[in-house]
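Q: test case, fold it:
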Amino acid sequence: MVLSIDDPLPPLDWAGHEVPETDFAALYRSESPRLARFFSRRVAPHEVVDMVHETFRKLLGVANAQSVVFDNPQAYLTRVADNLVRDRARSLAQRARDAAEPLDESRISGLDPLQTLEHRDMLKRIEAIVATLKPKTREIFLLHRADGHSYAEIADHMGMSVKGVEKQMTKALSHIRRRMDRA
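A: Residues are numbered from 1 along each chain as shown. Have a look, this model is predicted:
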C-alpha cells in the first residue's frame with residue numbers, strides 16, 4: 001500500500017510507542033561535556049568548543065530543516081562528532097598535500113651548503129633530545145620512526161598493548177616538540 005500526499009500521517013503512538021520531543025537546551029547541558037571530552041582527545045584544545053558547537057549546529061539544522069524528532073539524539077550527536085573529526089582530518093591532509101612544494105630538478109643538483117649544515121644541526125639536536133627520553137619510550141620511538149615498525153609489531157615485540165605503544169609515542173613526540181620549541 002502506498003500513501004498519497006492526501007493521506008493523514010500515522011498517529012504519534014504508532015507501533016505502540018510515542019516519539020519524545022527533543023529539549024535541545026537540556027540536551028546541550030547534558031551532552032556538551034561528553035562531546036568536549038570526545039573532541040579533546042582528537043583535536044587541538046582551542047578547537048574543542050568550536051567542534052562541540054558545530055555538532056549541535058548540525059543537529060539543530062537537521063531538526064529545523066526536516067522537522068525531525070530524534071529517538072536517540074545522543075547517538076546522532078556522536079555520529080556527527082565522529083564525522084566532523086574525520087572531515088577535519090581529511091581537510092588538513094588535503095591542505096598539507098596542496099602546500100607541498102613540487103619537486104624541482106634544478107634544486108636537487110645544487111644543494112645549498114647552508115641548508116645542509118642546518119639540517120645536520122637539526123638532526124644532532126633531535127638525536128640529543130631523543131637520548132633524554134626514558135629507555136622504554138626511546139626504544140618504542142626508534143622502533144617506529146627509525147626502523148619503520150607498526151604499533152602492532154612494537155606492541156608484540158615489547159609485550160604490551162597497542163594502546164600502550166600509542167601512549168608512549170605520544171609522550172615521545174610531545175617531549176621532542178617541547179624541547180625543540182625551547183631551542
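
Q: only C-alpha atoms for contact and neighbour calcs from this point on.
A: Fine.

Q: so where do the helices sit in this structure?
A: Remark: helices assigned in the chain by DSSP state H are 24-40, 48-66, 73-99, 105-109, 113-131, 135-145, 151-158, 162-182.

Q: got the angle for the first one vs helix 48-66?
A: Interaxial angle, helix 24-40 versus helix 48-66 (axes from the mean of the first three to the mean of the last three CA atoms, to 10 degrees): 140 degrees.

Q: repeat that for the third one.
A: Taking the same axes, to 10 degrees, one finds that helix 73-99 is oriented at 120 degrees with respect to helix 48-66.

Q: which other helices and strands contact helix 73-99?
A: Judged by 3 or more CA pairs under 8 Å, 6 or more residues apart in numbering; DSSP states H and E, helix 73-99 is in contact with helix 24-40, helix 48-66.

Q: any chance of the ones you listed in CSV, plus distance to R97 and mean neighbour count?
A: Below are those laid out as CSV (distance: least, CA to CA, whole Å; neighbours: other CA atoms under 10 Å):
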stretch, distance to R97, mean neighbour count
helix 24-40, 24, 15
helix 48-66, 24, 15
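
Q: out of those, which gets the lowest mean score?
A: Lowest mean pLDDT within the helices and strands packed on helix 73-99: helix 48-66, a mean of 86.

Q: hmm, who's touching that helix?
A: The contact list for helix 48-66 (CA atoms under 8 Å, 6 or more residues apart in numbering) reads 28, 32, 35-36, 39-40, 68-69, 76-77, 80-81, 84.

Q: from those residues, which is closest to F141?
A: S40 (23.6 Å; CA to CA).

Q: show me the contacts for the closest one.
A: Counting by CA under 8 Å, 6+ apart, S40 has contacts V48.

Q: no further queries at this time; thank you.
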